[in-house]
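>>> how would this look folded up:
(2 chains)
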Amino acid sequence: AQSVTQLDSQVPVFEEAPVELRCNYSSSVSVYLFWYVQYPNQGLQLLLKYLSGSTLVKGINGFEAEFNKSQTSFHLRKPSVHISDTAEYFCAVSGVNTGGFKTIFGAGTRLFVKA
Amino acid sequence: NAGVTQTPKFQVLKTGQSMTLQCAQDMNHEYMSWYRQDPGMGLRLIHYSVGAGITDQGEVPNGYNVSRSTTEDFPLRLLSAAPSQTSVYFCASSYSSQGYGTEAFFGQGTRLTVV
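Now for the predicted structure:
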């Protein structure tokens, strides 16, 4: 069965510094990959997705992620973070090994941006 | 366009009580799912549906029932509430592409406390 591992539970970073949130998944066989963001007391919203094509995916709010099939990773990056980026970020996958429709989520990474 | 609507937003139940969490989407999505979110555990799939009349269990189905009589609605029933069901519940819907679930659209969540 497919699994998703977010390697850091919390990432503190200073404002305007770059950040990388790491995500690994268990199998590259026919996967769709996603990053979602959750602001306090809200639902999740999509940051970006990889379905096919270019392995570098750009999303909203200046975030981007790279699909690396050989390393089964989909790390999220932003070159310069803002206080408003403080939130919880979830990596997720759907595909052959999740039964197709099902989306499996990682445990989340809490990004805390300090002034 | 309302997207995914969940009700209620907050609920307190006594142990042993039953209740139904409502979820409706107006995007004509085939796939709907229920997740629970607990600290440090990400989102865990409770039940999902790939279309009207078709439901299946996710990772943590015990104590919950679902039905899907229409494309739009996917209620989640707690049969006999237990303190372990204290959580935040999210309903999500998505469309499929080549048989795989694509981006999920989430409701705002229901914060449930069982005392």
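>>> quickly find the element holding residue 113.
Going with chain A. Using DSSP states H and E, A:Val113 falls within strand A:109-114.
>>> please refer instead to chain B.
strand B:110-114.
>>> burial measure for B:Thr86, as a count.
The tally of other residues near B:Thr86 (other C-beta atoms under 10 Å in any protein chain shown) stands at 16. No exception for glycine: its C-beta is placed from N, CA and C like everyone else's.
>>> equivalent analysis for B:Thr20, please.
12.
>>> so which residue is dead centre in chain B?
B:Trp34 (2.5 Å; C-alpha atoms, centre = their mean).
>>> Three-state assignment for that one, please.
What DSSP: H, G, I helix; E, B strand; the rest coil gives for B:Trp34 is strand.
>>> not counting sequence-adjacent ones, nearest residue to it?
What sits nearest to B:Trp34 in space, not counting adjacent residues and going by C-beta to C-beta, 6 or more residues apart in numbering or on different chains, is B:Ile46, at 4.4 Å.
>>> how many neighbours does the one you found have?
Using other C-beta under 10 Å: B:Ile46 sits among 23 other residues.
>>> now swap in the one 10 residues further on and tell me
Here the number of neighbours of B:Asp56 (other C-beta under 10 Å) works out to 15.
>>> buried set for the helix or strand encompassing it?
For B:Asp56, the element it lies in under DSSP H and E is strand B:54-57. Neighbour-count burial for strand B:54-57, counted by 16 or more other C-beta atoms under 10 Å in any protein chain shown, picks out B:Thr55.
>>> packing partners of that strand?
Counting contacts by 3 or more C-beta pairs under 8 Å, 6 or more residues apart in numbering or on different chains; DSSP states H and E, strand B:54-57 packs against strand B:43-51.
>>> and the strand it packs on, what does it pack onto?
strand A:103-105, strand B:31-37, strand B:54-57, strand B:64-66.
>>> A:Val93 is nearest to which of those?
With respect to A:Val93, and counting by C-beta to C-beta, the nearest of the helices and strands packed on strand B:43-51 is strand A:103-105 at 5.6 Å.
>>> near chain A, which residues of chain B show up?
B:4, B:30-31, B:33, B:35, B:40-45, B:48, B:50, B:58, B:90, B:92, B:94, B:96-97, B:99-104, B:106-109 (C-beta under 8 Å from any C-beta of the partner chain).
>>> strand partners of the strand holding B:Asp56, parallel vs antiparallel please.
strand B:43-51 (antiparallel) (DSSP bridges).
>>> mind listing what's buried in the partner strand?
B:43-50.
>>> show me how far the strand holding B:Asp56 is from its chain's centre.
12 Å (C-alpha atoms, centre = their mean, to the nearest Å).
>>> next one: the strand holding A:Val113 to chain centre, how far?
How far strand A:109-114 lies from its chain's middle: 14 Å, per C-alpha atoms, centre = their mean.
>>> does any part of that strand sit near chain B?
No: applying C-beta under 8 Å from any C-beta, one finds strand A:109-114 separated from chain B by no less than 9.8 Å.
>>> please name the nearest non-neighbouring residue to residue 26.
Because you didn't say which chain, this covers chain A. A:Ser3 is the one closest to A:Ser26 (C-beta to C-beta, 6+ apart), at 4.5 Å.
>>> let's do chain B instead
B:Ala2 (5.4 Å).
>>> just B:Gly51 next, same as before
B:Glu30 (5.2 Å).
>>> pretty sure that neighbour contacts B:Phe74?
No: assessed by C-beta atoms under 8 Å, B:Glu30 is found out of contact with B:Phe74, at 11.3 Å.
>>> need the residues of chain A near chain B, please.
A:6, A:9, A:30, A:32, A:34, A:36, A:42-46, A:49, A:51, A:90, A:92, A:94-96, A:98, A:100-108.
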